[in-house]
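In: Predicted structure and sequence below. I'll ask about it afterward.
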Amino acid sequence: MIYRDFEKQINLALEFFPCVTLTGARQTGKTTLLKKMLPNYNYVSLDLPSIAEMAEENPEAFFEKYKTPLIIDEVQYAPKLFRYLKVKLDNDRHQMGQMVLTGSQKFELMKNLSESLAGRTAILELEGLSWNEYKNYINEENADFDTFIFRGGFPELTRKQDFPLDMFFSSYLATYLERDVRQLINVTNLRTFEQFIRLLAIRNANQLDMTDIANNLGISSKTVASWISVLETSGQITLLQPWFGNSGKRIVKTPKVYFNDTGLLCWLLGIEKHNFKTSPFIGSIFETAIFAELRKINKLNGATNIIHPKSLSYLMLSIYPNMHGMYTINIPPSADKS
């Protein structure tokens with residue numbers, strides 16, 4: 001079993017909130033982690049349409065069958081349930097840790113949470129494995145940072161080192177397109193959306209130019225903005241605002257776009273293990289891995305995604321003390337201090 005550093009954050013939230021909501025991209029290990037942490041909790045998944053329908057149409061019978069303490073997996077599939085959840089939690093508001101909700105579609109989830117469960121649930125996001133989690137599971141002497149970057153942080157690929165990457169990522173992308181993309185937006189041509197993802201991978205760790213992407217795909221900039229939002233809310237990418245001492249400038253300036261998982265990124269770029277280090281994308285991939293590590297550290301400490309370039313340089317050297325000359329990484333200057 002892979003130990004997740006994020007367990008501490010979940011346990012802390014369970015002490016202070018009647019409900020905890022754990023979001024994150026598909027396959028990041030949300031369900032596995034919660035079942036391991038909370039063996040005494042009942043469990044139900046709303047992935048099955050019949051159970052989701054029961055939760056929405058007959059919530060009394062649903063909670064009679066699935067009693068608290070309870071883990072409700074993929075709760076976004078029953079949006080009507082949230083109003084009943086509010087009432088149920090309020091009936092025993094001082095009982096902490098009554099329920100844990102999970103969901104991989106953050107947009108739908110956050111909309112329902114803000115409308116019904118504001119102030120009643122802690123909201124946490126689980127990403128893929130960190131370098132620390134990976135090397136602790138593999139055995140520190142055998143852990144290789146290049147291999148970790150190439151395979152990525154999905155727990156399944158760490159547990160099964162012989163899992164064919166093409167099989168895993170092609171299935172992952174197909175499931176993501178069918179289950180998440182179709183449900184979040186009305187995409188008439190999923191092939192165009194897949195081309196969009198691959199085009200974005202080429203532009204990873206660069207400033208986000210929506211007009212250029214739109215022109216390349218023959219779609220509108222408005223459509224690109226909508227699709228970027230889908231990738232971001234479903235945990236596939238992160239937008240990083242440039243560093244300025246003036247917080248107002250951070251908001252309005254063009255962000256850089258990063259894929260959250262370097263393994264998926266390498267697969268989208270068609271990179272194989274034998275040409276990983278010689279790939280023209282190696283600098284941007286390594287930068288993405290370092291940014292992911294900083295992001296996960298920040299989340300463990302309850303911090304935000306505001307990361308100063310000096311912090312990025314420090315972590316790169318702490319992970320790879322002999323990295324000088326091995327990679328080319330473009331870290332923009334911190335601009336003006338105003």
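Out: Great, that's in hand.

In: surely Thr23 meets Thr121?
Out: No. Between Thr23 and Thr121 no contact is recorded; they are 11.0 Å apart, counting by Cβ atoms under 8 Å. Just so you know, the C-beta spots here come from the backbone N, C-alpha and C atoms, and that holds for glycine as well.

In: Next, the contact list for the residue nearest to the spatial centre of the chain, please.
Out: Closest to where the C-alpha atoms of the chain average out (Cα atoms, centre = their mean) is Gly235, at 3.4 Å. By Cβ atoms under 8 Å, 6 or more residues apart in numbering, the contact set of Gly235 is Thr23, Gly24, Ala25, Arg26, Thr28, Ser104, Lys106, Glu125, Glu127, Asn260.

In: Including pLDDT and neighbour count, could the residues you listed go into CSV?
Out: Output for those, formatted as CSV (pLDDT from 0 to 100; neighbours: other Cβ atoms under 10 Å):
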residue, pLDDT, neighbour count
Thr23, 92, 23
Gly24, 92, 22
Ala25, 93, 25
Arg26, 92, 17
Thr28, 95, 26
Ser104, 82, 22
Lys106, 67, 21
Glu125, 92, 17
Glu127, 95, 19
Asn260, 97, 25
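
In: Show only the entries of those residues found in strands.
Out: Those of the contacts of Gly235 mapping onto strands are Thr23, Glu125, per DSSP state E.

In: Return the closest of the contacts of Gly235 with respect to His274.
Out: Checking the contacts of Gly235 against His274 with Cβ to Cβ, the nearest one is Asn260 at 25.0 Å.

In: sec struct for Ala122, please.
Out: strand (DSSP: H, G, I helix; E, B strand; the rest coil).

In: Likewise for Ile297?
Out: Recorded secondary structure, Ile297: helix (three-state DSSP).

In: What of Tyr43?
Out: strand.

In: Ok, Thr254 next?
Out: Reduced to three states by three-state DSSP, Thr254 is coil.

In: my guess is it contacts Gln207, does it?
Out: Yes. Using Cβ under 8 Å, Thr254 is in contact with Gln207, at 4.8 Å.
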